[in-house]
Every structure is written in structure tokens, then in C-alpha cells.
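Undergrad: Sequence and predicted model, in that order:
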Amino acid sequence: MSAYEAIILTVITASTPLLLAAIGELVVERSGVLNLGIEGMMVMGAVSGFAIAQVTGSAWLGVLMAMFAGIAMSLLFAFMTQTLVANQVATGLSITLLGLGLSGLIGSSFVGMPGLKLGYLNIPGLSDLPVVGKLVFGQDPLVYISIALTIGVAYVLKRTRIGLIIRAVGQNHDSAHALGYPVIKVRYACIAFGGMTSGLAGAYLSLVYTPQWIENMTAGRGWIALALVVFSTWLPGRLAAGAYLFGGVWILGLYAQGMGLGIPSQLLSSLPYVATILALIVISTNRRLSVINTPASLGQGFVPDR
Amino acid sequence: MKKLLTVAATVALASAMSVSALAADKLKVGFIYIGPPGDHGWTYQHDQGRLAVEAKLGSQVETVFVENVPEGPDAERTITRLARQGTGLIFTTSFGYMDPTLKVASKFPDVKFEHATGYKRADNVSTYSSRFYEGRYVIGQIAAKMSKSGTAGYIASFPIPEVVRGINSFLLGAQSVNPDFKLKVVWVNSWFDPGKEADAAKVLISQGADIITQHTDSTAAVQVAEEQGVYAFGQASDMSAFGPKSVLTSIIDDWSAYYIDRTEAVLNGTWESTDTFGGMGDEMVGMGAFENMPADVKAMAEATTAAITSGDLHPFTGPIYKQDGSLAAGEGEVIDLGVLLGMDWYVQGVDDKL
């Protein structure tokens, strides 16, 4: 394997969990809901995915279970914020805290077990091609799912009637309600989708990235995903670019260190964040661009007047 | 009726008092952890020490622990809370708890504190640390024997003396076998982030390292090594389960004896502020089984371990040159403890700058 190939492969693994978690949150925020519970849903996905994979011996069942765990956590959030109209920021934070605590409890008997790893795709012939073989046809399946999800979300939001309804609900829930759209139901569905992809991101950590269960193994990735959604100005294509930029800058920082260039490691560690802030500044200087896609009802609770 | 009530009240009061008297008899021992006890590394070993105290002195002590306590203001709050709850002895088990521990200790002169890996003490604050670097010297020698590329990768957490000492000791061990041995260092600026640790391992392997060692707290690097078919070492606890084909041995921190000893000292009233820096000779540092290596390498590792344990060999014995080429210790000279504790320079051969 050449060095470049190795770099790209490492970048893909580092970026995929961010992309998975962020693409769901993008849909949630497009529907006008701010869910700060990504970290909690992710870590629950990680622990349930790992646990089920260990018990059943099937990594795929683990992935499925991780999606369900993410959805379950997100439905709790949806019930609190949509049905009971609780504050979304406070509820989201409590979902994160609940997830971190509960996952530690569930996972305590799985600590210290080497895990199952989801295999790499292997298409005879194609995966062995020089240069592109392993990069294009030899990734783990979740990488393809993350890309398919990104394309799917972009298509649905932009080109379909469902996407139009989601955006309408997020822009102005009163108008959407007056037009007869079921605001709360749409938001429930979007929140559940966000939970599912966060669960997948968790499964990526415990079944692909580092196949084991360790408490708190998400280590703040949910928050980075949240920042990426804002960074992308709620556009899926930019979100994917942002996730790969973040992962890429991070891995290149490690490379620079390994090459002994003598750049302070603290500076290199902060580079992904610096890059994100710079990109945000560039985006926000273009007023039109930053305002046009921002869901106007973001974070506001909706109580139908009758 | 009134009499009955009085009797009931007296009984209730008496039983409440006996419960509190029972609780007061037991010494409460508190532990502050930087990570979860389930990290299977650093915190895991401290928790094993706590369990050993319970097993040995369970009738006289009660232990409590708080996990995932960030270094900084949160630590001060947590330590204060433990002290206020009547804890008689508190172990704070990470370098960054140093100032919070001293601050709280000054407010609770009757509570005894034990701070791991720090260097500031007070009348009621002891410090203790382990000579992990002794184990690093042994694995450095093994690495030099087992490596084909002559380059090892070292995943490091934060540039503090404890970590720098480990890097130097590893390389000195390796150079004692192969004077041209090279070491690449990647800092992840975190004690615990499995994803980052795995990334760092992949990066180092792709840059030609065929031996991976780490001074971070999770098992992630070992798993990457196993998957990519290079060798690795366990850190803090036995990690061979995560790399049955790749783990050559593990450096194991053993806090049990120390924790039992200090708890007994408080029980007997003989506790006083001390500074402990224990190594293989004190059974505070141990090596895991030597696996996946030929018999001659194993014999060498065992001989080195024995020599360090008996005190015949000190890893930091000259001649030692600093990275800039200046002499740090002359032929046969041992670097003194003060320099070791404040070590902020690399030895020659490290492919990195501090």
C-alpha cells in the first residue's frame, strides 16, 4: 500500500462517523429542530451495536441495533420537545448526559472484550485494481452508506415534495400548519432519522473504527458533527466536504508530526478547528449564502393554536 | 399510647445512632479517576488497586470513586465534595489534579491526600509515582530485536516529564541493541480518545514503523497493530487479549500494594507525607508475559527485567547524549532523580522536536 493510499484510507475512516452523525442532524435542523443530543445518541448506538454484535456474533445485527438505539433516544427527545414542548437546548443536553451515563451502565460487562469488525467490501477483480481498487471498491460498507445517505438527503431535500414540506416546516411552522401540513409528525420523523444516523455513527466507532467498547468512546465527535452542520450552511454537499476537510486536516497533522517536521503538536491538533473557523468566516462574509438556507424556525417549539 | 411512641422513638434513635457509629468506625477512602474504570488501561489499574484495598481491609474501610473527572476546576469541586463527605484518605490519580489537590488539602487539614505522578507535597499531601520508564527500557530492547525496519512509532499524550522520560527510556533500551534505531513520535494531545489513538497508529505504520507503542490510555493502538500485522506493546494493563498475535508484552502498573500500605498507615495513625517513586523492585511496575517472540529475545527481556528489579541496571546510565548532541551523562554515570523528574529533553535519535 502506498503512503498516499494509506493517508486517504485513514482520512475516510476519520471522517465517516462525523458525516454520518451530521447528515441526520442536518435533516433535523432543516425541519426546525435543534437536537444537541447527538453525542448521547451516538454513544448509545456504539454500546448497543457492540453488545448485540458480541451476543449474536453478527456485526450487521449490531449495526441494526445501533440504529434502533439511536432512534429510541431520539424519540425520547421528540416526545419531550414536540409533544411536551420542552426547551430543545436543555432537552438535547440531557439526552447527551443520559446517553453517556446509560451507555456506561449497559456496557460495563462488555469492557475489555476484543470486538467484531465489520468486513471490508471485496469485489473480486474490482477491489484488486491498482491505485483505485481499494479506495473505490474496498471500503467498509458504512462508508458507502454514508455517501449514499448524503446524496439521498440532498436529492430529497432539493427535488422532492417531502423535502419541500420538511423545509417549509423548518422555515415557518405556522404557515406550514395553516397549509395543513402535520408539523409535529414531520418533525418526529426527521428527529427519528437523525437518531438513526447518529446510531450508525456510533456503530461505526465500535464496529469499524476501533472495534471495542470503551466508555465515552465518542470523545466529543457528536459536538464536531453539530458544528459541521452550521459550517455547511445546511447543505449536504458542503457537509460532506466539511467532514472530509476536518478529517483530512486532522490526519495530515498526525502525518506532519510523524515526519518530524518540528511543528508544535498542539498547533497541529488545533488545525482542524482553525480550518473550520476560517471556513465559517469565509461563508459568513457572504450574507446571502449564510441566511438563505438557515431554517427560520430553528429551535422554536411549535404549539398548534387549535 | 404516649409511652409507646416514646419507646418507638427511642428505638428508632438508638438504631439510627448505631448505624452512624458503625459508619464512623470505617475509614472512607476516596479515589478520583481521569477516565472510566472500564478503559482497560490507566484508570482500570487504579480501580484494581481500589478493589485490592477493599478485599484486604474491607471490614475496616469503605471505598468510593468518582470517574471521568476532568483536570481543572471540576476536579477541585469533586475533591472538595469527597473531603466534605467525611472521606479520610483521598487518592487523586492524574497529573493534572496536582494544584486542585493541594488547594483542597489546605482547607481540610485532617484529611490525607495522595496525588499520583505529581511533584508538589504538603503536610497532608503525599505524592506517588511509578518508574514506568523501567518497563519502557525492556520493551525498547524487545522492539529493537523484533523490528525489521529499525523504526518504531510512539503515540504520546502530553509533553510532560513522565511521558518524555518514557520515550527516552524506550529509545535508550532500543539503542542498547541497535545503535541506529529510530523513533517516530506522534502526540495526540489527549489521554483518552480511542479514535485518535487508532489514527495515530495507522499514520505511524504507513510511515514505516513496524512496532507501535503508546503512552495513552486505551487499547485502540494495539488493535490497529493486530489488524495491520505489526507488533505492539500493552500499556498500563495487560492488553494481550486485544492483540493475540501482535502484543509482545505489556507494562503493568500495580498500585495494589501501595494503596493497601497507605490505607493501613491511616488506620494505624502512622501516615505521614511522603514521596514514593517505586519501580520493578517495589513491585509497582510489572511486565506481562513475553509472547510472539523467539526464545533468545525472551531470554534477553527476562534478564533485563531481572537486572532492573535487582537494581543492577538503571536505564538512564551513561553515556547518554541529548538530541542537540550535548552530553547528558558520562560513561557509567546515572542521571539523577531530579533531572529524571523534570525531564524536558530528548535523547539522540528521536525523530521529533519538543
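TA: In hand now; what should we look at?
Undergrad: now stretch A:129-148: how far from the chain's centre is it?
TA: How far stretch A:129-148 lies from its chain's middle: 19 Å, per CA atoms, centre = their mean, to the nearest Å.
Undergrad: got the CA positions of that stretch in PDB?
TA: Extracted in PDB, the C-alpha atoms of stretch A:129-148 (Å, rounded to 0.1, in the frame of the first residue of the first chain):
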ATOM      1  CA  LEU A 129      -7.400  -2.900  -9.300                       C
ATOM      2  CA  PRO A 130      -4.200  -0.900  -8.900                       C
ATOM      3  CA  VAL A 131      -4.500   2.600  -7.300                       C
ATOM      4  CA  VAL A 132      -8.300   2.900  -7.200                       C
ATOM      5  CA  GLY A 133      -9.200  -0.700  -6.300                       C
ATOM      6  CA  LYS A 134      -9.000  -0.500  -2.600                       C
ATOM      7  CA  LEU A 135     -10.100   3.200  -2.400                       C
ATOM      8  CA  VAL A 136     -13.200   2.900  -4.500                       C
ATOM      9  CA  PHE A 137     -14.200  -0.700  -4.100                       C
ATOM     10  CA  GLY A 138     -12.500  -1.800  -0.900                       C
ATOM     11  CA  GLN A 139     -14.000   0.300   1.900                       C
ATOM     12  CA  ASP A 140     -16.200  -0.900   4.800                       C
ATOM     13  CA  PRO A 141     -19.900  -0.900   3.900                       C
ATOM     14  CA  LEU A 142     -20.800   2.000   6.200                       C
ATOM     15  CA  VAL A 143     -18.600   4.400   4.100                       C
ATOM     16  CA  TYR A 144     -20.800   3.700   1.100                       C
ATOM     17  CA  ILE A 145     -23.900   4.100   3.200                       C
ATOM     18  CA  SER A 146     -22.700   7.500   4.500                       C
ATOM     19  CA  ILE A 147     -22.200   8.700   0.900                       C
ATOM     20  CA  ALA A 148     -25.500   7.200  -0.300                       C
END
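Undergrad: Contacts for that stretch next, please.
TA: Residues from elsewhere that reach stretch A:129-148, judged by CB atoms under 8 Å, 6 or more residues apart in numbering or on different chains: A:1, A:5, A:8-9, A:12, A:16, A:19-20, A:23, A:63, A:118-123, A:126-127, A:200, A:203-204, A:208, A:240. For every residue, glycine as well, the C-beta is placed using N, CA and C.
Undergrad: now those: which count as buried?
TA: Buried subset of the contacts of stretch A:129-148 (neighbour count, 16 or more other CB atoms under 10 Å in any protein chain shown): A:9, A:12, A:16, A:19-20, A:23, A:63, A:118, A:121, A:127, A:200, A:203-204, A:208, A:240.
Undergrad: which two in those residues are spaced the farthest apart?
TA: A:I23 and A:S127 (25.7 Å; CB to CB).
Undergrad: doesn't B:L102 fall inside a helix?
TA: Yes - secondary structure of B:L102, determined by DSSP: H, G, I helix; E, B strand; the rest coil: located in a helix.
Undergrad: Would you state the helices of the chain in chain order?
TA: By default, I'm working from chain A. A:3-30, A:38-56, A:59-78, A:88-107, A:132-137, A:141-159, A:161-171, A:173-178, A:183-204, A:221-231, A:236-258, A:265-285, A:287-292 (DSSP state H).
Undergrad: Let me rephrase: I mean chain B.
TA: B:2-25, B:42-57, B:73-84, B:98-107, B:132-146, B:161-177, B:194-206, B:220-228, B:256-268, B:295-310, B:337-341.
Undergrad: Now render the ones you listed as TSV, adding mean neighbour count and distance to B:I32.
TA: Shown next, in TSV, are the helices of chain B (neighbours: other CB atoms under 10 Å in any protein chain shown; distance: least, CB to CB, whole Å):
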stretch	mean neighbour count	distance to B:I32
helix B:2-25	10	21
helix B:42-57	20	9
helix B:73-84	17	6
helix B:98-107	19	8
helix B:132-146	26	20
helix B:161-177	23	18
helix B:194-206	27	22
helix B:220-228	25	24
helix B:256-268	18	13
helix B:295-310	16	30
helix B:337-341	14	22
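Undergrad: Format these as JSON lines; extra columns: distance to chain A and mean pLDDT.
TA: Compiled in JSON lines, those are given as follows (distance: least, CB to the nearest CB, whole Å; pLDDT from 0 to 100):
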{"stretch": "helix B:2-25", "distance to chain A": "26", "mean pLDDT": "46"}
{"stretch": "helix B:42-57", "distance to chain A": "8", "mean pLDDT": "93"}
{"stretch": "helix B:73-84", "distance to chain A": "14", "mean pLDDT": "92"}
{"stretch": "helix B:98-107", "distance to chain A": "20", "mean pLDDT": "94"}
{"stretch": "helix B:132-146", "distance to chain A": "17", "mean pLDDT": "95"}
{"stretch": "helix B:161-177", "distance to chain A": "12", "mean pLDDT": "94"}
{"stretch": "helix B:194-206", "distance to chain A": "3", "mean pLDDT": "92"}
{"stretch": "helix B:220-228", "distance to chain A": "4", "mean pLDDT": "92"}
{"stretch": "helix B:256-268", "distance to chain A": "18", "mean pLDDT": "94"}
{"stretch": "helix B:295-310", "distance to chain A": "24", "mean pLDDT": "95"}
{"stretch": "helix B:337-341", "distance to chain A": "22", "mean pLDDT": "86"}
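Undergrad: which stretch among these comes nearest A:A53?
TA: helix B:220-228 (14.8 Å).
Undergrad: Only alpha carbons, please: show the closest one as PDB.
TA: Written as PDB, here are the backbone C-alpha positions of helix B:220-228 (Å, rounded to 0.1, in the frame of the first residue of the first chain):
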ATOM      1  CA  ALA B 220      -7.000   1.200  20.200                       C
ATOM      2  CA  ALA B 221      -3.400   1.300  19.000                       C
ATOM      3  CA  VAL B 222      -3.000  -2.400  19.800                       C
ATOM      4  CA  GLN B 223      -6.000  -3.300  17.700                       C
ATOM      5  CA  VAL B 224      -4.700  -1.400  14.700                       C
ATOM      6  CA  ALA B 225      -1.300  -3.100  15.100                       C
ATOM      7  CA  GLU B 226      -3.100  -6.500  15.200                       C
ATOM      8  CA  GLU B 227      -5.100  -5.700  12.100                       C
ATOM      9  CA  GLN B 228      -2.100  -4.400  10.100                       C
END
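Undergrad: Mind listing residues that contact that helix?
TA: A:114, A:117, A:210-212, B:155, B:194-195, B:197-198, B:200-202, B:205, B:212, B:214, B:231-232, B:234, B:239, B:242-247.
Undergrad: Run a quick neighbour tally on B:K322.
TA: 14 (other CB atoms under 10 Å in any protein chain shown).
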